[in-house]
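>>> Structure for the following, please:
(chains A and B)
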Amino acid sequence: MTSATGSSAVTRPGFARASWVVCRQELRDLWLSGRGMPLLLAFSVLLSVTSYLVASNQALNFLEQREAVNLTLQMAVAVAGLMVLLIAGDGVSGERERETLESLLLTPVSTRSLVFGKAGAALSLWLAAFVVTSVYVVSLSRGVGIAADALVAGLLVGTVLSVFLAGFGLFISVLSSSNRFSLSVAFFALLALFAPSQLPTSAQNGWAGTTLLHVDPFTSGLQYLSKVVVDAHGLGTDVAWLVGPLGAAVVAVIAAWLVAGRLKLSPGRS
Amino acid sequence: MVEMAVQSHQLSKRYGDTLAVAGLDLELPTGTVLGFLGPNGAGKTTVIRMLSTILDPDAGSFSVAGVPGTDRAAVRERIGVLPESAGYPRQQTGREWLAYHGQLFGRSPAAAREAAGSWLEEVGLGERGSALIGTYSRGMRQRLGIARALIHDPQVLFLDEPTLGLDPAGQRQILALVSRIADQRQVTVVFSSHLLAEVEEICQRVLILNQGRVAAQGTVAEVVRTAAAPRTAIVQVRAEAARRAIEVLAAAGVRADQATTRGPGAVVVELEAKEPTSSATAQVLTALVDADIAVLGLEIEGGRLSDAFLALTAPS
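Numbering: from 1, shown residues only, chains lettered A, B, ... in the order given. Modelled structure (predicted):
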């Protein structure tokens, strides 16, 4: 039995160590007993169906091979981002709802390490989804030699967007008392971010339209993918399209960092 | 070791227009088991949350184990808390959950696993440590919660209604566990409960909170005296002497009546609450013996913590 006066081996964990302890536990919860595997399975099924459809259209000459790869990659980035958002949005408000947050807040680790440990686990979904996606991308791009560029671009855009969505999801989650609220807000915000890509071409051409397309992280990120995969531009040619996603990721991480420092048992109550 | 495990000065908390805790002054000597009592909504959970740094007080100050409440991380290292509405991750095993918290308190993974195993044995969950928490009964979860609160060997333990929702056997298990931990490990315990008889049994001191204010604090005897709880005695005399006994007691200034539900010779006597029980009963016995009335039995009622509690928390 350990001593009642405290063990000499006990030292208050710093930010990095505490974040890693939280991340490791969250990874275990997510992948061994949580929603990680079912989500990844659903993602794989969706990707299989999409790949089958684009491959069929390609065979019928309705779709160019590069466009087929691009479509698959874009869908993978978008759906994986949604999964990251789902897990991140549940991160803190889910603990509140299950009444497990208080025991975590009673530990001496900083609230930021709790939140950023959870962010690490949420991002693991994107990495797993990317591994699955890479199989389909390699298969679909056989013969046109775009697999390497498509995978690098996909990894880059997907990672930046996932960081943005993890930060955004946790930001909402810290401020929400219920999962339903945090997930609804996060989901509707995600839909709003997809909206600019659906604007008519005329609206996308003006100064305001172009700015909106560049600022919106999803539209600009997917535009970058399109430039690399469909237009065969080099990876460094259209980096201007990455400014939007990178800026959004930085803002979301800073916002999550700020609210994480003020994480309370009940939002709005000190 | 510091002399006072918990000290607070004018600790206050307000939720909107409601004053949840009003100027709490508390001094709890190290090694004491404090029964923290009060009706629902009295402010007990708010006090525990303030002392455990989960809630910020609106006014006042406190220290735990000699550490000022403003140094949150240092306070948390010295306290263990079983919250009132503690949730448990159903998909983790008891051992895994304890080891996780051990690491959050700074133990290495190996040391945390070892501590988890030791505490599981200590709370009687050694054989169920590898089972998912989702399969635990409520009593087992509460014992696991106590083990989690103790995983880092705290100096002060806050237990917020640990027996809530448990059957009598479960309640006894928790009380025995708390009593044993307090005895063996010299941990100061703040024990919030509605089980007054049990609090009386295991706590050296009690504090009764009512509408956010301290209604009484001290030893059980001191609190009962402070409360001046109404006390009665049932005096057994021969059936034919009951009427005369009531007259004799009335003449001696003691209110008495027949206790018909207790038998024909039972007389219920109201004892003067402000008097010590011994002198009040001596007055009754002397009056009856002087009148040649044989006293067959005497049973004191009231004067317990529950009476004091009801008197102190009755709506004004």
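>>> First-to-last residue distance for stretch A:92-108?
End-to-end span of stretch A:92-108 (Cα to Cα, to the nearest Å): 17 Å.
>>> any idea which element residue 189 lies in?
No chain in the question, so chain A it is. Using DSSP states H and E, A:A189 falls within helix A:179-194.
>>> let's do chain B instead
Per DSSP H and E: B:V189 is located in strand B:188-192.
>>> now do A:R17
Following DSSP H and E, one finds A:R17 within helix A:15-32.
>>> That helix: how far from the chain's middle?
Relative to its chain's centre, helix A:15-32 lies at 17 Å (Cα atoms, centre = their mean, to the nearest Å).
>>> quick one: least confident helix or strand in chain A?
helix A:201-205 (a mean of 73; mean pLDDT, DSSP states H and E).
>>> what's the helix or strand just after it packed up against?
Counting by DSSP H and E, the element after helix A:201-205 in chain order, helix or strand, is helix A:207-215. Judged by 3 or more Cβ pairs under 8 Å, 6 or more residues apart in numbering or on different chains; DSSP states H and E, helix A:207-215 is in contact with helix A:201-205, helix A:217-229, helix A:243-260. C-betas here are computed from N, CA, C, even on glycine.
>>> now helix A:207-215: mean pLDDT?
For helix A:207-215, the mean pLDDT works out to 82.
>>> ditto for stretch A:125-135
pLDDT averaged over stretch A:125-135 gives 96.
>>> Show me what counts as buried in it.
A:125-126, A:128-130, A:132-134 (16 or more other Cβ atoms under 10 Å in any protein chain shown).
>>> okay, now whichever residue of chain B sits closest to chain A: neighbour count?
Of all residues in chain B, the one sitting closest to chain A is B:G87 (3.0 Å; Cβ to the nearest Cβ). When neighbours are defined as other Cβ atoms under 10 Å in any protein chain shown, B:G87 has 18 of them.
>>> does it count as helix, strand or coil?
Classification of B:G87 by DSSP: H, G, I helix; E, B strand; the rest coil places it in coil.
>>> My read is that it contacts A:L104, right?
No - using Cβ atoms under 8 Å, B:G87 makes no contact with A:L104, being 10.4 Å away.
>>> mind checking how far the host helix or strand of A:F171 is from the chain centre?
Using DSSP H and E, A:F171 sits in helix A:147-175. Computed by Cα atoms, centre = their mean, the chain-centroid distance of helix A:147-175 equals 4 Å.
>>> Tell me if it is near chain B.
No - Helix A:147-175 lies apart from chain B when judged by Cβ under 8 Å from any Cβ of the partner chain; the minimum separation is 15.5 Å.
>>> and that helix, average pLDDT?
The average pLDDT within helix A:147-175 is 95.
>>> repeat for stretch B:197-213
89.
>>> show me where pLDDT drops low in chain B?
When residues are selected by pLDDT under 70, those of chain B lie in B:1, B:228-230, B:272-278, B:302, B:316.
>>> Repeat the analysis, applying 80 as the threshold.
By pLDDT under 80, the low-scoring segments of chain B are B:1-2, B:225-231, B:260, B:271-280, B:300-304, B:315-316.
>>> any chance you could map the helices in it?
With DSSP state H as the criterion, chain B has helices at B:44-51, B:72-78, B:94-104, B:109-122, B:138-150, B:168-185, B:196-202, B:220-227, B:242-251, B:277-290, B:305-313.
>>> Mind exporting the C-alpha coordinates of the first one to CSV?
Yep, that's helix B:44-51 we're talking about. C-alpha atoms of helix B:44-51 as CSV (Å, rounded to 0.1, in the frame of the first residue of the first chain):
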residue,chain,number,x,y,z
LYS,B,44,-23.1,21.9,1.5
THR,B,45,-22.0,21.0,-2.0
THR,B,46,-21.2,24.6,-2.8
VAL,B,47,-18.9,24.8,0.3
ILE,B,48,-17.2,21.5,-0.8
ARG,B,49,-16.8,22.8,-4.3
MET,B,50,-15.3,26.0,-3.1
LEU,B,51,-12.9,24.3,-0.7
